[in-house]
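J.: Turn this into a model:
(3 chains)
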Amino acid sequence: MTAVTRLFRTRTGQERLLGFATMSVLLFGALFILIPFFWMISTSLKKAGDVYIAPPQWIPVEPQWENYVTAVTRLNYGVHASNTAIIVFFVMIGTLFSSSFAAYGFSRLRAPGRDTIFMILLGTMMLPGAVTLVPTYLMFNSIGWVNTFLPMIVPAFFGNAFYVFLMRQFYITIPKELEESAMMDGATVYHIWWFIMVPLSGSILATISVFTFVATYNDFFTPLIYISDESKRTIAVALTYFQGSPRIGPQMHLLMSAVTMSIVPPIVLFIVAQRYFVRGIVMTGIKG
Amino acid sequence: MANASVTLPKANKKGWRDRREAVNAYVFMSPVIIGLLVFTLGPIIVSLFLSFTNYNLLNDPKWIGVDNYVKMYGERLFWQSLRVSAIYSIVSVPLGMTIALFLAILLNRKMRGIYTLRSIYYLPTVISGVGVAMLWRWIFNGQYGVINTLLRNIGIKGPNWLLDENYALIALIITSVWGVGGTMLIFLAGLQGIPVEINEAAEIDGAGKWAQFRYITLPMISHVTFFNLVLGIIGALQVFTDAYVITGGGPNNATLFISVYLYRHAFQFLNFGYAAALAWVLFLIVMVLTLFVFRSSPLWVFYESERQGK
Amino acid sequence: MSKEVNEQQMSRRRFLRTMAFGSAAVAAGVLAACGGAAPAAEEPAAEAPATTELAKIKAMYWSNSPVLDDNFKKRADLFNAKYAGKYEVSMELLPWDQYWPKVDLAYASKEPIDAYFWDVQAYGHYKQGLVKNVQADLDAVADFANPDLYPQEQLAVWKFDGANMYAIPENIQSMALFYNKDLFDAAGVAYPDANTTWDDILVIAEKLKKVDGDEVTQWGFDVGDLAVWWGSISLAWAQGGGYFDKVVEPTKFTFSSPEAQNGLQWIQDVMYVSKLAPDSETRSVVGQAAGIFGSGKVAMYPGGTWMISSNQQLPFKWDMAPMPKWGDQRAMPYWFGGWVIPKDGKHTDAATAWAIWCATEYQQTMAETRDWIPIRADARNSAAFLDGMPAGFKDVSAAIGSARIGDVYSAKVQQILGEVISPTLDLVWNNKISVADAGKEIDEKATAMLSEG
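T.: A predicted model of the protein is given here:
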C-alpha cells in the first residue's frame, strides 16, 4: 500500500515537473514566434528616421501612433477593406457551397469515373500557379472580366481541390444509418445533403472558412493582376503603396503600420473560430 | 465505423438504380468537374502546348517542338534551381514536421493558457505576403537584425544570413519553421483523435512515455503524418514569395528555387514557353514524389478500419 | 514549306483562341445558371449619347512613394480638366515587380495599356514591333527640335532604328554625390564640389569616419548606387572605357577591361580595404542607400537624382555635387523617364496627346512639384524649380549635358543582368571573389548569352 502511494506521489511530482518543462519550452517557442510580430509593431510606431538605426530600438522612445492615422488616410483603407470584404464574403459562400456539395458526390454516390475525377482534382493541387496564370488571364480578359471581382469570386463556386478533399474525408466519417433512414422516408439525395449532411458539418465548415478567409484575404497576385482601378483594390494590394520602388526605398514605418492593421481580421477570426477549427480538423480524421 | 468504399461494386444488379445514383453523383460533382475543365484543365492544356513553343507573351507563340526541354537540360541554373528546391524540401519538410509534432504533443494537454499558446503558434500562418517577407529581410540583417542582435547578447557572432551563400537557404528554412503552425494544428487534431483509453490501458500495462509514443501515438497518427507529408512536399516545392522577396534568389543563386527561376523566365526574361516547360517538369516531379509517398504508405501508414477493405 | 509552317502556326493560334473562348463560354454559361453570384460585374453606367466620343485611356507607372504617386494622380487630373470631354486618362500605379508582368499580360491579351512608363524592358516591346513610332508626333511639336529646350543629342538614344523616336521623354535623371552638410561642418571639412575627384573622396572620407572602439559610428562614404552596374559604369567611362561595346544591341561585354577593373576595384576597396564605406552586410540593413544616408551616419554617397525629393524630408542639412572625376575626367549616366505608346492601343491619339502634354505643357508644373527633373531646359532652369533644389543642383544640372545613357538595349539583357551580371557583381560587393575573376566570368558568360540569339 505504501509503495503504491509513493509511486503515486512521485508520479504527480513527475507530472508537475513535466508540465513545467512543457510550459517553458512552449513559452520559449512562443517568443520565437512573436519576435517578428513584436518587431513589426515596434517598427510601425517609429519615426521614419528611427527605423534604420543601430543598435535598433526595441521599443520606440516616443511611439508614433499617428503613423496608423497616416496609413489609414493615405491608403483609403475603408474602400479597400470593403472591397476585400465583398470578395472574401462571396468566395467563402462559393467555396463552402461548392466544396460541401461536390464532396457529397465524391463520398456517397457511386458513378463510373468518380475516383479518377477525384484523383485528377487532387493532382491539380500540385500544379504551380504561375503557369496557368497567363491562359487564365487571357480567358477572363476575353469575356470582359478584367477589372471586376469576378476572376477572384467565380472560381470559388466551382470547388477547390483541398477543401473538397477535407469535406469528403469528413463525410466519410458520418455513419450512413442517418441517410438510410431518411431515404426510407422518401428523401432525395439533395434533401439528405442539405438537411442532414450540411447541418452536421458545422466544425469542418468553420475550418474551411478560416482557411478560405486567410487565403483570399492575403491573396495579392490575383487581384493585382486583374484589378486596374484603385477604387477596386483589396487590402493586400493596397499595402504595396508604401513599398517603394527598387530605386526609392520603402516607407518601412507606414508599411508596418498598415501590415499590422491588416493582420487583425484574420487573427480575430482564428481566435473566434479556434474551437470549431481544431475540432473540424479532428473530425475529418484526415485519412488518405 | 462505416466507411464509404472507394471501389465500385463489380456486379450491377439493379441497373436503373445505379444509373440514377450515377446521375445524381455527376450532378453533385458538376461544379468541380466544370471548374476543373474551365479553370484548371483548360489552362493546363494551353500551358502544355505553350511549353512546346517560343512564346514571349507579346507575340503569338511559335511551335518549336521540344527545344525548351532540350535547352533546360543544358542550363546550369536549371540544375542549380532543382538542387536548391531539393535541399530545401529535404531539410524543411522533415524538420518542420518534427517540430510541428513535438509542439502538437506539448500543446495537447489541458493547461491554463493553452488556447492562447495554440493561437500564438498558429499566428504566422494567418499572415503572409510581401510585408512580412520584407520584415524577415530586416530580421536577418547581419548587423542590425533582431536575430544577430539577440545572438550577440549571448556572445555569438551571428552569420551574415542573407548575403552568405552558406546561410541564405538556412535563413529561408528558419522562416518556414516559423510558419509551422498549420502542420502543428493538423497533428494536434490527429492527437486529439486518439482515444484516451488506449494510452491509459498501455500505462496500466507498464508502458513508459516513450513506448506509448513509439507504439501508440506514432502509428495512430500515421495517417495525419502522411497527410502533412504530402502537403509539405507540395508546399516546399512551390515556395515562392519568401524566396522572391527575402533573397530574390541570391546570393549567387544560393536560393534560386525552381519557382523563382520559373517566375523570372515567365515574367522578367519573357521566355514564357520555357517557363511553361519548367512548370511541367516541376509538376511531374511533384507528381512522382507524391505517387511515391502514396505507394509507400501501406508500409507505414496505419488505418484502423480500412485495412480489411484493401 | 513556309506556307505549311505558317498554317501550322495559324492553327495553333486558332487553337489557343478557341481554347480560351470555349472555356470562357462554359464559364459564362455556368455563371448565368448560378445567378446572383456576380455582384461586382459593374457594367459601365449607361452614358448619355455623347456628341464627341470621350477617349478613356489608362496610363501606367510603377509606384515610387506615396508623395510621388499622389502627384502623378494630380497630374492626370490636370490633363483631364484641360481635355474635358475629349480625353480622360486614369493613372494606375503598381509595384515595380508586378508592373512589367501586367504590361506584358496586356500585350498578350491584345489589349495593350494605352501609355506606360519607359524602362529598358520596353526595348523588348520595340523589338517585337509593338511600339508606336512617335517621330511624326514629336515633329509636330515645334519646340522639340529646339536644342536649347530639348537635349537633341541625348534624345537620339531612343532612335533605336537610327531615325525615329519610339518613346516620348518627359524627365531626365542622373546621378550625383549627395553629402551630409552637418557632418562635414562638424568635422570642419570642405564640401565636395565640381572639381572633387574619386581620389579626393578617399581623403575626405578618411577625415569623416568615426570609430568607437571596434565599432564604426560614422562612415565617410557609402557606395550607394555604385553597387549597381549603371552606377559603377561611370568610373569606367571616366577612364575612357565601359562595360560593353555599344548601347544598342551590344555584341560583347568588357568587364575585364582595365578601365572597368579599376573602377570596380575602387568600389570593392573602399568597402573592404580602406573600410571607409560600410560593407554590403552593413548596407543591407535597408537595401537602399538613402536609408543609410537617411540615418545620418554616412557623410556622402553617389546616388540617383530621383532621391532628391525623398531626401528633402531628411532631418539634417544636405547638399549635392556632381559625380566626382577620375583624374580630370567626369562621367555620369543619365536616363529618361517617358512614355511608351503601343502601336495597337485603342486610343493612340489620346495616349500620344497625354505623353506630349507631359513633355511640354506640364513641364513647368513638374518643375514646381520638384518630384522629377523636367526634360525641358527652361523648366529645369526656372526659378520655380531651382529655388526648391539644393544649392549644388546647378552644377549637377550643368554636368548632365555631358552624361551618357545608363542603359543597354538588347532583348536578352534582362536575362543577362539577372543571371550573370547582378549575381556576379553581388559577389564582388560581398568580397567573395576578386574583381579580376568577376570580370572574366561576366565577359565569358554574358557575351556567350548575347550570341545565343
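J.: contacts, neighbours, all on C-alpha from now
T.: Noted.
J.: Nearest the geometric middle of the chain, what residue?
T.: No chain was given, so I picked chain A. Among the residues of chain A, A:Val214 comes closest to the average C-alpha position under Cα atoms, centre = their mean, at 2.5 Å.
J.: Not quite, go with chain C.
T.: C:Asp119 (5.7 Å).
J.: what about it, is that helix, strand or coil?
T.: At C:Asp119 the chain is in coil, as set by DSSP: H, G, I helix; E, B strand; the rest coil.
J.: show me the contacts for the closest residue to it other than its chain neighbours.
T.: Distances taken as Cα to Cα, 6 or more residues apart in numbering or on different chains put C:Gly337 closest to C:Asp119, at 7.6 Å, once the chain neighbours are dropped. Neighbour list for C:Gly337: C:117-119, C:169-173 [criterion: Cα atoms under 8 Å, 6 or more residues apart in numbering or on different chains].
J.: same deal with C:Trp357?
T.: C:Phe79.
J.: and what of C:Leu105?
T.: C:Leu105 neighbours (Cα under 8 Å, 6+ apart): A:134, A:137, B:57-58.
J.: same for chain C: which of those residues are within range?
T.: Checking these against chain C by Cα under 8 Å from any Cα of the partner chain, the ones in range are A:134, A:137, B:57-58.
J.: Which of the residues you listed fall within strands?
T.: Nothing among these maps onto strands, per DSSP state E.
J.: Which residue in these has the weakest pLDDT?
T.: Within the ones next to chain C among the contacts of C:Leu105, A:Val134 has the lowest pLDDT, namely 84.
J.: what's the closest non-adjacent residue to A:Ser228?
T.: According to Cα to Cα, 6+ apart, the nearest residue to A:Ser228 is A:Asn147 (5.4 Å).
J.: Give me the average confidence score over the strand or helix carrying B:Arg83.
T.: Per DSSP states H and E: B:Arg83 is located in helix B:76-107. Averaged across helix B:76-107, pLDDT comes to 94.
J.: Give me the distance from it to the chain's centre.
T.: Helix B:76-107 sits 9 Å away from the centroid of its parent chain (Cα atoms, centre = their mean, to the nearest Å).
J.: Also stretch B:44-54?
T.: Chain-centre distance of stretch B:44-54: 25 Å, with Cα atoms, centre = their mean.
J.: That one and chain C in contact?
T.: Yes. Using Cα under 8 Å from any Cα, stretch B:44-54 reaches chain C at B:Val46.
J.: Around residue 139, how many other residues sit close by?
T.: Let's take chain A. A:Met139 is flanked by 28 other residues according to other Cα atoms under 10 Å in any protein chain shown.
J.: my question was about chain C
T.: 11.
J.: what's the answer for B:Tyr73, then?
T.: 12.
J.: Domain ranges for chain C, per the record?
T.: C:55-173+C:335-405, C:174-334+C:407-451 (automatic domain parsing).
J.: Which positions in stretch C:128-147 come out as buried?
T.: Neighbour counts over stretch C:128-147 (16 or more other Cα atoms under 10 Å in any protein chain shown) mark C:130-134, C:138, C:144 as buried.
J.: starting at the chain centroid, how far to that stretch?
T.: From the chain centre to the centre of stretch C:128-147 is a distance of 20 Å (Cα atoms, centre = their mean).
J.: try stretch C:206-217
T.: From the chain centre to the centre of stretch C:206-217 is a distance of 34 Å (Cα atoms, centre = their mean).
J.: who are the neighbours in contact with B:Ile99?
T.: B:177, B:180, B:184.
J.: Now render the residues you listed as TSV, adding secondary structure.
T.: Listed next are the contacts of B:Ile99 as TSV, based on three-state DSSP:
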residue	secondary structure
B:Val177	helix
B:Val180	coil
B:Met184	helix
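J.: Put together JSON lines for those, with neighbour count, pLDDT and distance to A:Ile59 on each row.
T.: Below are these laid out as JSON lines (neighbours: other Cα atoms under 10 Å in any protein chain shown; pLDDT from 0 to 100; distance: Cα to Cα, whole Å):
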{"residue": "B:Val177", "neighbour count": "19", "pLDDT": "91", "distance to A:Ile59": "26"}
{"residue": "B:Val180", "neighbour count": "25", "pLDDT": "90", "distance to A:Ile59": "27"}
{"residue": "B:Met184", "neighbour count": "26", "pLDDT": "90", "distance to A:Ile59": "31"}
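J.: for chain C, what are the nearby residues on chain A?
T.: Taking Cα under 8 Å from any Cα as the contact definition, chain A meets chain C at A:49-50, A:52-53, A:74, A:90, A:134-135, A:137-143, A:145, A:148-150, A:154, A:224-225, A:228-230, A:240-251.
J.: Now with 7 Å, please.
T.: Contacts of chain A with chain C, taken as Cα under 7 Å from any Cα of the partner chain, map to A:49, A:52-53, A:138-141, A:143, A:148-150, A:225, A:228-229, A:240-242, A:244-245, A:248-249.
J.: ok, now the stretch 151-300 of chain B?
T.: B:160, B:163, B:250-252, B:267-269.
J.: Tell me the one among those nearest to chain A.
T.: Within these, proximity to chain A (Cα to the nearest Cα) peaks at B:Phe267, which comes in at 9.5 Å.
J.: right, and C:Gly242 touches C:Ala260 too?
T.: Yes. Applying Cα atoms under 7 Å, one finds C:Gly242 in contact with C:Ala260, separated by 6.1 Å.
J.: who touches both of those two?
T.: C:Ala236 (Cα atoms under 7 Å, 6 or more residues apart in numbering or on different chains).
J.: Of the two, which one has the most company?
T.: The neighbour comparison of C:Gly242 against C:Ala260 (other Cα under 10 Å) goes to C:Ala260, with 27 against 24.
J.: That one contacts C:Ala236, doesn't it?
T.: Yes. C:Ala260 is within contact range of C:Ala236, at 4.7 Å (criterion: Cα under 7 Å).
J.: Give the burial count for the residue lying closest to C:Gly242 once chain neighbours are set aside, as a bare number.
T.: Nearest in space to C:Gly242, with sequence neighbours left out and distances taken as Cα to Cα, 6+ apart, is C:Ala236 at 5.1 Å. Other residues within reach of C:Ala236, judged by other Cα under 10 Å, total 22.
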